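*Asks:* Quick one: sequence and predicted model below, then my questions.
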Amino acid sequence: MFMVRVALYLIPFLAVTLRRLVFAGMGREWPVGEIDPPRPRQNGPLEQVLCILDPVGLTLVAGELENRADAADPVERKYRAKRYLRRIVALTGATQIGGGYTLHVGTTRLQVRDGYVRRVQNVTNPKCGYEETCFYPAHKEMPKAEQIATALLQLKSNPALFDGWAARNGAFKADGQVFTRVQ
Amino acid sequence: MTAKILTFSSHGDTTLLEYDPATADMDEVNRVIAEYEVKTGAQPFDMTTGERIEKVTRRQNEVLMVHPIAGG
């Protein structure tokens, strides 16, 4: 009787162990049929309204998220923003120094950190001082990494944006024009 | 090959426009971009060079709309 009970307890354990051994051995060679088939893209009503395919092959897909990160997962959001920052850092030729990023545009050096930027006008002059100003995204809450990436991209293209930010005259587009929100 | 006009967000990239650069009506592409800029203040950047672009041409295949920043 005792042996029967032991055997009954061992059956699920042996089944799990056997299953692990079998699937570990298969590795990536799982039969295709066991993988969930790709599901069709599920457009919400907004995307359905905005999605237009015209004769010249232009698809307007405003509002459709790709590589969507779960908004409820702050770790994933942070990771995505950091990945974006790495791409922008490589694109602008910025270098990471400590917690900040240094960008050279002509003889000007810009040091971008979380929420503020420092400008050294003439890097060849060791006595040249620096100016500093804060910045923040005009539209929405952004992770820090995304804010830094946006500032780097814009400053690389238009370092004079620094003066607009320092003057606190509102939000600026990348070309330096003041942005006025459309009502 | 397709080209994309994107915005980045930590929630997920948003594709505003997807088109075949060989055949697309580029005036229409730029019209959509201009409308988006009026609404949001975002301007297009070529994600190959990192440069801001005045007008999207058939050469660009990944364009990121970059939103305004305020100072203070």
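*Replies:* Received, thanks.

*Asks:* Name the residue of chain A that lies nearest to chain B.
*Replies:* residue A:165 (2.5 Å; C-beta to the nearest C-beta). For glycine as for every other residue, the C-beta is placed from the backbone atoms N, C-alpha and C.

*Asks:* Without its sequence neighbours, what residue ends up closest to that residue?
*Replies:* residue B:71 (2.5 Å; C-beta to C-beta, 6 or more residues apart in numbering or on different chains).

*Asks:* Let me see the ranges of the helices in the chain.
*Replies:* This is for chain A. Here chain A has its helices, by DSSP state H, at A:2-26, A:45-50, A:74-92, A:144-157, A:161-167.

*Asks:* To clarify, I was referring to chain B.
*Replies:* B:26-40.

*Asks:* which one's the longest strand in it?
*Replies:* For chain B, the strand that runs over the most residues, judged by DSSP state E, is strand B:13-19.

*Asks:* helices and strands around it, which ones?
*Replies:* Judged by 3 or more C-beta pairs under 8 Å, 6 or more residues apart in numbering or on different chains; DSSP states H and E, strand B:13-19 is in contact with strand A:58-66, strand B:3-7, helix B:26-40.

*Asks:* Using CSV, write out every CA atom in the last one.
*Replies:* It refers to helix B:26-40. Extracted C-alpha coordinates of helix B:26-40, given in CSV (Å, rounded to 0.1, in the frame of the first residue of the first chain):
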residue,chain,number,x,y,z
MET,B,26,5.7,63.1,-52.0
ASP,B,27,3.6,66.3,-51.9
GLU,B,28,1.0,64.3,-50.1
VAL,B,29,3.6,62.9,-47.7
ASN,B,30,4.8,66.4,-46.9
ARG,B,31,1.2,67.7,-46.6
VAL,B,32,0.5,65.1,-43.9
ILE,B,33,3.7,66.0,-42.1
ALA,B,34,2.8,69.7,-42.3
GLU,B,35,-0.6,69.0,-40.8
TYR,B,36,0.9,67.1,-38.0
GLU,B,37,3.4,69.9,-37.4
VAL,B,38,0.6,72.4,-37.1
LYS,B,39,-1.1,70.2,-34.5
THR,B,40,1.8,69.2,-32.4
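
*Asks:* what's the neighbour count on the closest residue to chain A within chain B?
*Replies:* Per C-beta to the nearest C-beta, residue B:71 is where chain B lies closest to chain A, at 2.5 Å. When neighbours are defined as other C-beta atoms under 10 Å in any protein chain shown, residue B:71 has 21 of them.

*Asks:* Please name the residues that touch residue A:168.
*Replies:* By C-beta atoms under 8 Å, 6 or more residues apart in numbering or on different chains, the residues touching residue A:168 are B:71, B:72.

*Asks:* now do residue B:3
*Replies:* Residue B:3 neighbours (C-beta under 8 Å, 6+ apart): B:18, B:19, B:20, B:21, B:24, B:58, B:60, B:61, B:62, B:63.
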